[in-house]
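In: attaching a predicted model along with its sequence, questions to come.
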Amino acid sequence: MEWLYARIEGEIVITALRKYLAAWFEEAGYQAVSPSLDARFAVVDRKSNWSERHVAFAAGLGTFSLNRSLITRAGAAGRIGSIIVSAVIEPTPRAYQAFDEYCSKCGACIKRCPPQAIDDNGKDNAVCSAFLDTTLARFKPRYGCGKCQTAVPCEATAPV
Ligand code: SF4
């Protein structure tokens, strides 16, 4: 249940923060855009043309896991927002090479997934999405699962 609120109410907070930061940079004289709030943002067949997780990976914040969530130094089960600005900012060093370097492949998330959408090769998005639809029917307007991201014990190997 906490995950459902984090997903919906948490996203409201992140959206407010995106807008605040974009306005702050614009007032400081830079160009700024939050891609996921932009009119060009689109989701087709559950695939979006902007991914906060991929931006986080590129920005050095963490790597993907077997269940395709992001593992950071603070752990998993986080929510991410991004803005693009014209300001020159010193980049965070990217402390990894492989896309899934912080995942130990311990399999804890495989065991936790209700519809068995995860296996040793990754996540079947269609199976996961179909399960999420069932949660919307129960908890509308909220929906979500997140059991793979809160798997305990999860032996993620992100350096602290
Ligand atoms: S969100 Fe739920 S259904 Fe989807 S992969 Fe994770 S545990 Fe499985």
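Out: Sure thing, it's come through.
In: what parts of the chain come near the ligand?
Out: For the chain, the residues found near the ligand under the criterion Cβ under 6 Å from any ligand atom are 67, 112-115, 117-118, 123, 128, 131, 145-148. Yep, even glycine has a C-beta here, placed from its N, CA and C like the rest.
In: check which helix or strand the residue nearest to the spatial centre of the chain maps to.
Out: In the chain, the centroid-proximal residue (Cα atoms, centre = their mean) is residue 53; its distance is 4.5 Å. Assigned by DSSP states H and E, residue 53 belongs to helix 52-58.
In: quick one: buried residues of that helix?
Out: 52, 53, 55, 56, 57 (16 or more other Cβ atoms under 10 Å).
In: what lies in contact with it?
Out: Helix 52-58 has contacts (Cβ atoms under 8 Å, 6 or more residues apart in numbering) with 36, 62-64, 68-70, 72, 80-82, 94, 99.
In: strands along the chain, start to end?
Out: For the chain, applying DSSP state E gives strands covering 32-33, 43-44, 47-48, 62-64, 70-72, 84-85, 118-119, 122-123.
In: looking at those strands, which is buried most?
Out: Among the strands of the chain, strand 62-64 has the highest mean neighbour count (mean count of other Cβ atoms under 10 Å), at a mean of 24.
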